[in-house]
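[1] here is my input; please provide its structure:
(2 chains)
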Amino acid sequence: MANSLSDFNEFNSVSEQTADAKVFSDLNLIMNVHPARKDIIPLTDIDAIKQAVKNLVLTNRGERPFMHNVGGNITRLLFENYNPYMAAELSFAIENVLEQHEPRVSDIEIQVTPTDDQNSIAATIGFRINNQYREFNLEFALNRLR
Amino acid sequence: MKTNISNVTDLDFYTIKDNLIEHFKQEKSPFKDWDFKGSGLNYLLDVLAYNTHYNAVNAHVSMNETFLDSAQVRSNVVSNAKILGYTPRSNRGAKVVLNVEFSRLGDSNANVLILPRGSKFTAKIDNRVIIFTTLSEYISSYDENAGVFAFKNIIVNEGRMIRERFVVNSADLNKQYKIKEQTIDTSTLRVNVYPHDNTSDFEAFLDSSNFTTYTPESNVYFLTENYDGVYQIEFGDGVIGKALNNLQVIEIEYLATIERPENGNSISGFIFGGTTDSEFNNIVADIENIRAVEAAAGGRIRETLNEIRKNAPLSFVSQNRAVTVSDYETLIRKNVAGLDSISVWGGQDNDPPQFGKVFLSAKPNGALFLTELQKEEILEYLNTIKILTVKPEIVDPIYLFLYFDIIAKYNPALTTLTKSELENDIRKLIEEYNFETLGTFDKIFRYSNFLSIIDETDAAITNSFARVYCYQVLQLPARSRTPQKLNFKFELFGSIDQKESVISSTSWVFGGRELFLADEPIADSENRRIYAYTLTQSGGQAKVFNDLGILNIKTGLLDLTPIPSTFDTSIQVSVIPNSYDINTIRDQLIAIDFSRTSILAEKETSNIKYKTPSIFRN
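    Numbers count the residues shown, from 1 in each chain, chains lettered A, B, ... in the order given. Next up, the predicted model:
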């Protein structure tokens, strides 16, 4: 499942929605409990979309039952030596999965940077939500689990 | 949130997931992202739907496997059949009757030769040696004149003889003895029990089907097929059948067939494979002659799932006693291998009625008629299960051979096939129809169905027409003095007083002349007279025998006087049926003769130029 890869990644939940944004609402897979209501806290709007983007990128193909083609399938690349070709392939894999399965985003730009000290790759995904002017960035680190 | 999931019978993952999504589509739902593949909710729905799907399929399959009709796994089908007291039939090796002659060694003066049980005869199929084995001992006296020991009518079964021994361990609670070879022919199984390992005294044990009641002293073994598809035997517990004691030795002996025992059918070219019996080897110099009296027959693979599903309940109903017609069919099917189709009818339904008899007719695998050995085997088996006062009788099937003149119109613009390819395709489909639809008893040849098969051969075929002919084979033994009947059992095409012959035949020879059968009207009679003619040099007919019997075209019966023939031969007597739908009853079987069937595809390019088929009225 996607979250196993990103459990230690800081989830950026800062909302930057505009007044005319269409309301999206999703289940937060971290399942945080609201201190007062004692209920889960749904993710809304840009946070919901960011979670969806991250889920898609971190899912490997074949992980989801009966949907074998869904997923960024990037785990296999994280075991490769880093070089420009690998970076291009990683970017392409991320862009491809978002174009196919996340219809809410467009103008996708990917930037991957090696962070050698941490044995990881920092991925920055820039995108625009359809019918909105502002751009959003989602940053997270891609680590090998072992 | 109110739930609106109403359908709980779906098995399919996508449908189950769609049902869950429907649930979240409600207006006041706190979650709206159900239709985005990456959303957390969608991931959760995957797990929920997969779990439901998994459990539903599991429950569905488990339930299906519980019933004989729907179970797919062999061990479950067999297990369900076991509840009905039914043990599926194992492989059956082909049997053949041989006449064998051995010469004697010069320094031997033995007058009697014993061919022991387990003697081997071999034959080859595709360079593969197949072993046939004797299951009985045969004795022959020395024939001084011929200088040989002549064995007549030796029955040999296909299969290698296997011997296994088990030592009884009373501490073992699961006292089942698995038979090593999966290809065992259980009809050849012999079970002997020795008191210990160092003795030749033994007690023979018999299969449970030989017993009507069990006592603590019954020497019975119970044969079953286990979960691994392997046969195993068990013994009594001291109440139902005799119990075995610790360290007794069980010896079993059986034949293991080849993997596809039906390959042993019709095999020929036997050679003697030898025996380990030293007494035999000290007498015999060589094999002089070996001849199969009849072709090998009866080889068949173990009962398939479909056969078990059909036979097990019927076997339970018949309770191993042949009373009704279906009892006979079921029990013969279960116990006699190598039969494609069986027809059974009571003597009261026979024509003419013969009370106190039951008739049966069977078509064996890959042959037209049962061998004498197969008939004996069936009658021998029926004698053990029939009602005392009823006498079973086996009659050979009467084959109604159909042949056709077929013409199919086709539009060449609608196909890439050539004329001959189209004709070949039609032939192939008719061959399939012959095999699948007509091959067994109680089948009806339906003309319109037959034409529809031709029409559906290719989209280019616009219409078709077939003229139907039928013939039966009439045996003509040399110098026969026995009258014969040939009964088509349907009305023939033609009028009672027409000058042209209704029947036609192939030729046979008598007195140096080639003769044919034909018929002519008889004044003021409902029958027609059958005569034999020969062809003159000018192509005309010259009558040779004026009266060889009568023909009734209403009933299709040819009542024939003895027909003179110089040689043992057979002829084909052809007629045209009045109705192109042909029904079969009792011992009749329909088969299509492709050697006499003509198929013609004719081009049809436009409606305006349509011509009726060239050789028929349409």
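[2] B:Ser187 and chain A, how far apart?
    B:Ser187 sits at a distance of 50 Å from chain A (criterion: CB to the nearest CB, to the nearest Å). To be clear about C-beta, it is placed using only N, CA and C from the backbone, and glycine gets the same treatment.
[3] typed the wrong thing, it's B:Ile426
    Going from B:Ile426 to chain A by CB to the nearest CB gives 44 Å.
[4] again, but for B:Ile114
    Distance from B:Ile114 to chain A, counting by CB to the nearest CB: 70 Å.
[5] tell me the buried residues in the helix or strand where that residue lies?
    Element membership of B:Ile114 [criterion: DSSP states H and E] is strand B:112-115. Under the neighbour-count criterion of 16 or more other CB atoms under 10 Å in any protein chain shown, strand B:112-115 has B:Leu113, B:Ile114, B:Leu115 buried.
[6] next up, the contacts around the first one.
    Okay, so that is B:Leu113. B:Phe102, B:Arg104, B:Ile139, B:Ser140, B:Tyr142, B:Phe149, B:Phe280, B:Ile283, B:Val284 (CB atoms under 8 Å, 6 or more residues apart in numbering or on different chains).
[7] work out for me the element the first one sits within.
    Element membership for B:Phe102, per DSSP H and E: strand B:95-104.
[8] extract the CA atoms of that strand and return them as PDB.
    These are the backbone C-alpha positions of strand B:95-104, laid out as PDB (Å, rounded to 0.1, in the frame of the first residue of the first chain):
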ATOM      1  CA  LYS B  95      -9.200 -57.500 -24.100                       C
ATOM      2  CA  VAL B  96      -8.400 -59.700 -27.000                       C
ATOM      3  CA  VAL B  97      -8.900 -63.400 -27.700                       C
ATOM      4  CA  LEU B  98      -5.800 -65.200 -29.100                       C
ATOM      5  CA  ASN B  99      -5.100 -68.600 -30.600                       C
ATOM      6  CA  VAL B 100      -1.500 -69.500 -29.900                       C
ATOM      7  CA  GLU B 101       0.700 -72.500 -30.800                       C
ATOM      8  CA  PHE B 102       4.000 -73.400 -29.100                       C
ATOM      9  CA  SER B 103       6.600 -75.900 -30.400                       C
ATOM     10  CA  ARG B 104       8.200 -78.300 -28.000                       C
END
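[9] from the chain's centroid, how far away is that strand?
    Relative to its chain's centre, strand B:95-104 lies at 28 Å (CA atoms, centre = their mean, to the nearest Å).
[10] going by neighbour count, which of the contacts of B:Leu113 comes out on top?
    Neighbour counts for the contacts of B:Leu113, by other CB atoms under 10 Å in any protein chain shown, peak at B:Phe149, which reaches 26 neighbours.
[11] which strands and helices lie in contact with the one helix or strand that residue maps to?
    Taking DSSP H and E as the criterion, B:Phe149 maps to strand B:148-158. In this structure, strand B:148-158 makes packing contacts with strand B:95-104, strand B:112-115, strand B:128-134, strand B:138-143, strand B:284-292, judged by 3 or more CB pairs under 8 Å, 6 or more residues apart in numbering or on different chains; DSSP states H and E.
[12] backbone phi and psi for the residue most central in space within chain A, please?
    The centroid of chain A falls nearest to A:Lys54 when counting by CA atoms, centre = their mean (1.6 Å). Note on A:Lys54: backbone dihedrals following degrees, to the nearest 10 are phi -70, psi -40.
[13] any low-confidence regions in chain A?
    Residue ranges of chain A with pLDDT under 70: A:1-22, A:146.
[14] and the longest helix along chain A, what does it pack onto?
    Ordering each helix of chain A by length in residues (DSSP state H) puts helix A:84-101 first. If contacts are counted by 3+ CB pairs under 8 Å, 6+ apart, helix A:84-101 sits against helix A:45-58, strand A:105-115, strand A:120-129.
[15] what count of nearby residues applies to the residue in the stretch 101-250 of chain B that chain A sits nearest to?
    Closest contact between the stretch 101-250 of chain B and chain A, by CB to the nearest CB, is at B:Tyr227 (30.8 Å). By other CB under 10 Å, the residues close to B:Tyr227 number 12.
[16] quick one, what contacts it?
    Neighbours of B:Tyr227 in contact, by CB under 8 Å, 6+ apart: B:Ser75, B:Ser79.
[17] which of the three states applies to it?
    Following DSSP: H, G, I helix; E, B strand; the rest coil, we place B:Tyr227 in the coil state.
[18] one step back: make TSV from the helices and strands packed on helix A:84-101 and add distance to A:Ala87 to it.
    Shown next, in TSV, are the helices and strands packed on helix A:84-101 (distance: least, CB to CB, whole Å):
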stretch	distance to A:Ala87
helix A:45-58	15
strand A:105-115	5
strand A:120-129	8
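[19] so which of the ones you listed comes closest to chain B?
    So among the helices and strands packed on helix A:84-101, helix A:45-58 is nearest, using CB to the nearest CB, at 3.4 Å.
[20] what is that closest one packed up against?
    Here helix A:45-58 touches helix A:2-6, strand A:25-26, helix A:84-101, strand A:120-129, strand A:135-143, helix B:40-66, going by 3+ CB pairs under 8 Å, 6+ apart.
[21] winner for burial among these?
    Across those, the average number of neighbours (mean count of other CB atoms under 10 Å in any protein chain shown) peaks for strand A:25-26, which reaches a mean of 22.
[22] tell me which residues are up against that strand.
    Contact partners of strand A:25-26, identified using CB under 8 Å, 6+ apart, comprise A:42-45, A:48, A:51-52, B:30-33, B:39-41.
[23] which bits of chain A sit near chain B?
    Residues of chain A found near chain B (CB under 8 Å from any CB of the partner chain) are A:1-2, A:23-29, A:42-43, A:48, A:51-56, A:59, A:64-67, A:70, A:101-104.
[24] if we can go back for a sec, tell me the most buried of the helices and strands packed on strand B:148-158?
    Comparing the helices and strands packed on strand B:148-158 by mean count of other CB under 10 Å gives strand B:95-104 as most buried, with a mean of 21.
[25] B:Ala285 reaches B:Asp107, doesn't it?
    No. Between B:Ala285 and B:Asp107 there is no contact under CB atoms under 8 Å: 9.7 Å.
[26] quick one on the thing from earlier: pLDDT wise, what is the residue of the stretch 101-250 of chain B closest to chain A at?
    For B:Tyr227, the pLDDT comes out at 88.
[27] torsion angles phi and psi at it?
    Backbone torsions of B:Tyr227, given as degrees, to the nearest 10, read phi -60, psi -20.
[28] and if you look at B:Arg165?
    Phi and psi for B:Arg165, reported as degrees, to the nearest 10, are phi -130, psi 140.
[29] ok, it - contacts?
    B:Arg165 is in contact with B:Val249, B:Ile250, B:Glu251, B:Ile252, counting by CB under 8 Å, 6+ apart.
[30] neighbours around the closest residue to chain A within the stretch 301-450 of chain B, how many?
    Nearest to chain A, among the residues of the stretch 301-450 of chain B, is B:Leu305, at 29.8 Å (CB to the nearest CB). B:Leu305 has 17 neighbours, counted by other CB under 10 Å.
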